[in-house]
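[1] after the sequence you'll find the predicted model.
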Amino acid sequence: MEVRRYDSGETVFREGDGGTCLYHVLQGSVIVTVGGESGDSVRLTELGPGAIFGEMALLEGWPRSATVTAGEEGAELTPVFREEMEAFLREDPAQVRTLMVNLSHRLRGLTEDYREVCETIREMHLTVKGEKRSQGLLARIGRFLSVWRLTAPISGAGYFTSRPGLPEEAADTAGLASKKYAAGTVVFREGDPGDSMYYLESGLVGIYTGWGTEAEKELTRLAENTFFGEMGLIEKLERSATAVVLDEDTRLRAITEEDLEKFFRESPSVTMLALRHLSSRLRALTGDYLKACRTVSRMKEAEEEGLALTPEEQEAAERYMEEAMARMMLDMY
């Protein structure tokens with residue numbers, strides 16, 4: 001694979017560029033920023049040797065949602081194009097774990113940000129007109145206003161609202177053991193250790209909180225060619241929800257810690273589906289987060305101008321008031 005060298009400050013790619021490869025940092029560092037087109041960019045992070053970036057655009061075919069430039073000492077990068085991914089992952093299965101951990105960490109961090117913006121909307125909504133707000137609430141409002149101001153052009157470009165249409169493929173799961181489950185079977189429960197993830201080959205699985213109690217709530221339903229439970233395995237977290245089989249003859253393939261290397265080496269299509277699954281969850285949550293930031297912005301504007309929210313904006317605010325904990329449970333199981 002080729003090595004590309006970038007001088008300090010040189011652009012690797014910009015927001016809105018097409019995404020045809022991911023990059024592996026060999027030497028030096030790169031700096032990730034957003035909002036550059038508005039003339040007021042914000043630095044998100046700096047990545048050093050061993051880091052991988054740009055994977056979401058590669059996995060899902062989306063435009064770049066941030067700008068990346070070489071750090072102070074420049075950077076040596078290896079681009080990995082879509083047609084090279086299988087060889088890249090076979091040669092070094094540890095990179096699959098790196099990608100999964102990176103996506104998982106980002107998903108967990110963004111879930112917390114989403115919970116916080118939803119809580120901010122709730123507090124804004126419940127504050128009596130003219131009542132003094134806490135410094136903490138004011139700081140959060142300012143933070144989410146800044147996020148929306150910098151990312152509004154990206155949000156408006158449809159990056160998070162429609163898939164670009166990469167072909168879906170059935171996974172080659174020949175190397176993984178399959179098991180048939182009857183309807184009503186509990187795959188795992190809230191509070192169980194996260195010692196495996198699952199590939200749903202066929203059938204239907206529901207994800208619930210409060211399963212079997214008066215507080216039972218269905219968070220989502222999962223159909224075939226879907227992964228679930230990966231956050232528990234990757235992050236070593238207790239299950240935050242219960243997974244229940246809903247269709248007769250549902251077939252699942254459990255993937256444990258010990259299976260991962262074999263899984264990466266022998267089932268490249270499953271590997272790509274798993275990575276794409278995490279990436280799509282992260283991108284969908286990013287879209288929801290930015291919409292919530294927009295709601296904060298509109299609520300603040302309405303307050304300052306003495307105007308009422310539109311019925312649609314009022315509905316959105318009330319929805320976010322109820323949604324935060326459900327989203328956290330959904331993205332952490």
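    Yes, it's here. Residues are numbered from 1 along each chain as shown.
[2] host element of the residue nearest to residue 71 when sequence neighbours are not counted?
    The shortest distance from residue 71 to any residue other than its chain neighbours is 3.4 Å, reached at residue 29 (CB to CB, 6 or more residues apart in numbering). Backbone N, C-alpha and C define where each C-beta goes, glycine included. Here residue 29 sits within strand 21-34, counting by DSSP states H and E.
[3] the residue nearest to residue 71 and residue 46 touch, don't they?
    Yes: proximity of residue 29 to residue 46 meets the contact threshold set by CB atoms under 8 Å, at 5.3 Å.
[4] comparing the two, which residue is more hemmed in?
    residue 29 (19 against 12; other CB atoms under 10 Å).
[5] distance of that one from residue 235?
    To residue 235, residue 29 is 26 Å away according to CB to CB, to the nearest Å.
[6] measure stretch 260-276 end to end?
    Stretch 260-276 has its terminal residues 16 Å apart, counting by CA to CA, to the nearest Å.
[7] and the longest helix along the chain, what's its mean pLDDT?
    When the chain is parsed with DSSP state H, its longest helix is helix 268-305. Along helix 268-305, the predicted confidence averages to a pLDDT of 83.
[8] got it, and stretch 193-208?
    Confidence over stretch 193-208 (mean pLDDT, whole number) is 91.
[9] chain center to that stretch: distance?
    Averaging C-alpha coordinates over stretch 193-208 and over its chain gives two centres that are 18 Å apart (CA atoms, centre = their mean, to the nearest Å).
[10] can you tell me the distance between the two ends of it?
    Distance between the boundary residues of stretch 193-208 (CA to CA) amounts to 16 Å.
[11] where along this protein do the strands fall?
    4-6, 11-13, 21-34, 42-47, 52-53, 67-81, 179-181, 186-188, 196-202, 205-209, 217-222, 226-228, 242-245, 250-256 (DSSP state E).
[12] mean pLDDT lowest for which of those strands?
    strand 42-47 (a mean of 84).
[13] quick one: list the elements packing against that strand.
    Strand 42-47 is packed against strand 21-34, with contacts defined by 3 or more CB pairs under 8 Å, 6 or more residues apart in numbering; DSSP states H and E.
[14] which residues of the stretch 1-150 of the chain score low on pLDDT?
    Across the stretch 1-150 of the chain, the ranges flagged by pLDDT under 70 are 36-40, 128-130.
[15] picking that back up, strands paired with the strand holding residue 29, and their directions?
    strand 42-47 (antiparallel), strand 52-53 (antiparallel), strand 67-81 (antiparallel) (DSSP bridges).
[16] got a markdown table for the ones you listed, with distance to residue 226 too?
    As requested, these are arranged in a markdown table below (distance: least, CB to CB, whole Å):
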| stretch | distance to residue 226 |
| --- | --- |
| strand 42-47 | 29 |
| strand 52-53 | 24 |
| strand 67-81 | 25 |
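[17] what residues are up against the closest residue to residue 255 other than its chain neighbours?
    Taking CB to CB, 6+ apart as the measure, residue 255 lies nearest to residue 197, with 5.2 Å between them; neighbours along the chain are not counted. Applying CB atoms under 8 Å, 6 or more residues apart in numbering, one finds that residue 197 lies in contact with 227-230, 232-234, 254-255, 274.
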